[in-house]
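S.K.: missing the sequence, but the structure's below:
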């Protein structure tokens with residue numbers, strides 16, 4: 001009995017694969033500092049304070065991100081109790097929702113093509129960047145879901161399902177803003193405003209009036225949804241929190257970013273690599289040119305979904321590769337459409353297979369590279385990931401030569417296989433260097449005794465959730481350290497130090513490796529004697 005290439009089967013298969021990937025990630029990978037630990041710290045302090053209005057980090061109002069992720073984590077804790085498993089499952093579950101929306105969108109855009117509906121959700125998982133970022137407790141795959149859901153709502157609305165379509169669009173605007181701020185409009189507004197480019201039917205004047213009035217209504221209601229939290233939170237959080245929340249964050253990232261500032265051309269430089277393996281598939285480019293000559297409604301919509309936000313984002317000051325994730329469902333839909341119209345050829349597998357083979361050989365060779373500055377764990381890495389990728393590359397060539405119909409499955413398998421092999425073959429060696437749980441547990445024990453403890457430098461909440469701390473940690477600037485040590489002889493100090501040497505480590509109360517450095521805990525007397533190590 002052959003496997004039916006129906007949209008529902010594609011969604012179920014993609015969901016099964018993703019749940020396996022997410023489960024492996026959560027069980028093999030520590031909570032990464034500083035981003036994941038920071039966001040879980042905010043959720044933890046929301047739980048401790050039972051304050052769902054103003055998020056806090058280390059006792060200070062936290063304005064950098066809206067609260068939806070923190071609300072969802074706390075809602076689950078209300079039901080299941082506080083657990084790391086639920087907290088780290090929230091963001092990955094949004095990928096499952098995105099897979100469903102992508103499947104429904106493909107079915108709506110190309111109702112006669114089961115093939116497009118089958119492959120679209122699987123092609124989302126074909127992006128290595130999606131696999132990596134989607135398994136982290138972060139905001140970008142959540143934002144990608146709201147973008148995909150809102151655009152699906154627009155598709156429904158153009159198919160004369162105005163009420164349900166604009167209800168989804170409105171919810172996507174409001175909840176998207178509550179996820180990561182107004183940036184969701186970069187993805188949701190262009191398809192709505194440029195509907196005349198991709199609509200299917202001819203509209204009369206009244207249709208246009210109704211459409212754009214509905215867009216304005218959705219924008220206003222979505223904004224009111226977000227403001228119903230933001231305005232009371234700004235008032236309750238104080239003047240500094242209010243200024244940062246209502247203006248500083250969004251304007252700062254757009255005009256002159258205080259973090260992740262990059263040149264306007266940066267996305268152009270990284271776009272092709274982060275869209276692998278589809279950008280290494282000859283058939284994608286062949287089909288893209290053909291579709292560009294005679295695009296249907298769906299293709300025109302996808303061009304707008306991808307191109308307009310990308311152009312706008314090149315001029316936004318803050319740039320990170322994960323900021324492009326809301327475009328990935330559109331690229332997956334486009335690739336699925338191309339595959340359904342222009343069948344794959346045997347030659348399409350050769351370049352991706354070659355890249356996979358080179359990657360595999362590089363992973364095998366890494367432990368044998370004689371470079372003094374490489375971390376010690378590199379020499380201990382298992383050859384399993386590299387061997388797996390080499391076997392996959394050879395298998396891709398053999399399978400593609402037997403039948404070109406195997407090519408889509410082979411390309412889609414690259415990211416999950418790479419993801420799982422790295423997590424099972426590399427993470428066991430790397431994880432201890434990124435885990436802060438030992439130091440967090442030590443800090444928690446210190447706090448339970450009533451002793452005071454401070455952190456040297458900028459503190460991102462690394463220990464709050466991992467150590468289940470119930471009090472904030474004082475922070476000390478490097479330039480203020482000498483004065484602090486003199487006036488606080490009875491306190492302990494947490495510091496990240498580089499190359500301290502065995503003698504210095506022996507002088508600490510506690511130490512553990514952390515990335516290329518060490519997390520250390522000192523008494524004031526110890527810190528004074530080893531002041532140079534803390535610089």
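M.R.: Perfect, thanks for sending it. Not measured: the values here are computed from a predicted model.
S.K.: number of residues surrounding the closest residue to residue 36 other than its chain neighbours?
M.R.: Closest residue in space to residue 36, ignoring its immediate chain neighbours: residue 137 at 4.7 Å, by Cβ to Cβ, 6 or more residues apart in numbering. Just so you know, the C-beta spots here come from the backbone N, C-alpha and C atoms, and that holds for glycine as well. Residue 137: 23 surrounding residues under other Cβ atoms under 10 Å.
S.K.: SS state for residue 137?
M.R.: coil (DSSP: H, G, I helix; E, B strand; the rest coil).
S.K.: my read: it touches residue 40, true?
M.R.: Yes. The criterion here is Cβ atoms under 8 Å, and residue 137 meets it with residue 40 at 6.2 Å.
S.K.: who's in contact with the residue sitting nearest the centre point of the chain?
M.R.: For the chain, the residue nearest the mean C-alpha position is residue 133 (3.6 Å; Cα atoms, centre = their mean). By Cβ atoms under 8 Å, 6 or more residues apart in numbering, the residues touching residue 133 are 140, 141, 322, 325.
S.K.: next one: residue 32
M.R.: Contacts of residue 32 by Cβ under 8 Å, 6+ apart are 136, 434.
S.K.: three-state assignment of it?
M.R.: coil.
S.K.: any regions of the stretch 151-300 of the chain where pLDDT drops low?
M.R.: Counting by pLDDT under 70, the stretch 151-300 of the chain shows low-confidence ranges at 248-260.
S.K.: ranges for the helices of it?
M.R.: Under the criterion DSSP state H, counting those that start in this stretch, the stretch 151-300 of the chain contains helices at 162-180, 184-193, 195-198, 205-237, 239-243, 249-255, 266-274, 282-293, 297-314.
S.K.: and if you look at the stretch 351-500 of the chain?
M.R.: Using DSSP H, counting those that start in this stretch, helices in the stretch 351-500 of the chain cover 384-402, 407-425, 427-434, 437-448, 481-487.
S.K.: what distance do you get for residue 197 to residue 289?
M.R.: Residue 197 sits 19 Å away from residue 289, taking Cβ to Cβ, to the nearest Å as the criterion.
S.K.: among those two, which residue is more densely surrounded?
M.R.: Taking neighbours as other Cβ under 10 Å, residue 197 and residue 289 compare with residue 197 leading, 14 against 9.
S.K.: quick check: the more buried one touching residue 304?
M.R.: Yes. Between residue 197 and residue 304 there is a contact under Cβ under 8 Å: 6.3 Å.
S.K.: okay, now the domains of the chain?
M.R.: According to automatic domain parsing, the chain comprises the domains 7-30+63-341, 354-433, 438-534.
S.K.: for these, give me CSV that also has distance to residue 347.
M.R.: CSV is the format used below for those (distance: least, Cβ to Cβ, whole Å):
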stretch, distance to residue 347
domain 7-30+63-341, 6
domain 354-433, 8
domain 438-534, 43
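S.K.: who touches both of residue 137 and residue 40?
M.R.: 31, 87, 88.
S.K.: re the thing from before, any idea which of the domains of the chain is most buried?
M.R.: Per-stretch averages of neighbours, counted by mean count of other Cβ atoms under 10 Å, single out domain 7-30+63-341 among the domains of the chain, with a mean of 19.
S.K.: next, the distance between the ends of that domain.
M.R.: With Cα to Cα, to the nearest Å as the measure, domain 7-30+63-341 spans 16 Å from end to end.
S.K.: kindly report the same for stretch 368-381.
M.R.: Using Cα to Cα, the span of stretch 368-381 from its first residue to its last is 10 Å.
S.K.: so what does the closest residue to residue 400 other than its chain neighbours have for phi and psi?
M.R.: In this structure, residue 400 finds its nearest non-sequential neighbour in residue 349, 3.5 Å apart by Cβ to Cβ, 6+ apart. When read as degrees, to the nearest 10, the backbone of residue 349 gives phi -90, psi -10.
S.K.: which pLDDT value goes with residue 349?
M.R.: On pLDDT, residue 349 comes in at 85.
S.K.: now residue 434: how far from residue 517?
M.R.: Per Cβ to Cβ, residue 434 is found 12 Å from residue 517.
S.K.: okay, the shared contacts of residue 137 and residue 40 in TSV with distance to residue 282 next?
M.R.: TSV is the format used below for those (distance: Cβ to Cβ, whole Å):
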residue	distance to residue 282
31	41
87	42
88	38
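S.K.: out of the residues you listed, which one has the lowest pLDDT?
M.R.: Scanning those for pLDDT, the smallest score is found at residue 31, 91.
S.K.: wait, doesn't that one sit right on residue 39?
M.R.: No. With contact defined as Cβ under 8 Å, residue 31 and residue 39 do not form a contacting pair (9.5 Å).
S.K.: the more surrounded of the two?
M.R.: Legend: neighbour count by other Cβ under 10 Å for residue 31 and residue 39, higher for residue 39 (28 against 25).
S.K.: specify the local secondary structure of residue 343.
M.R.: Using three-state DSSP, the structure places residue 343 in coil.
S.K.: now that it has come up, it's in contact with residue 404, right?
M.R.: Yes. Using Cβ under 8 Å, residue 343 is in contact with residue 404, at 6.8 Å.
S.K.: give me the residues contacting the helix or strand hosting residue 511.
M.R.: Assessed by DSSP states H and E, residue 511 sits inside strand 510-514. Contact with strand 510-514 is made by 33, 432-434, 436, 438-439, 442, 496, 500, 505, 518-521, as judged by Cβ under 8 Å, 6+ apart.
S.K.: alright, calling it a day.
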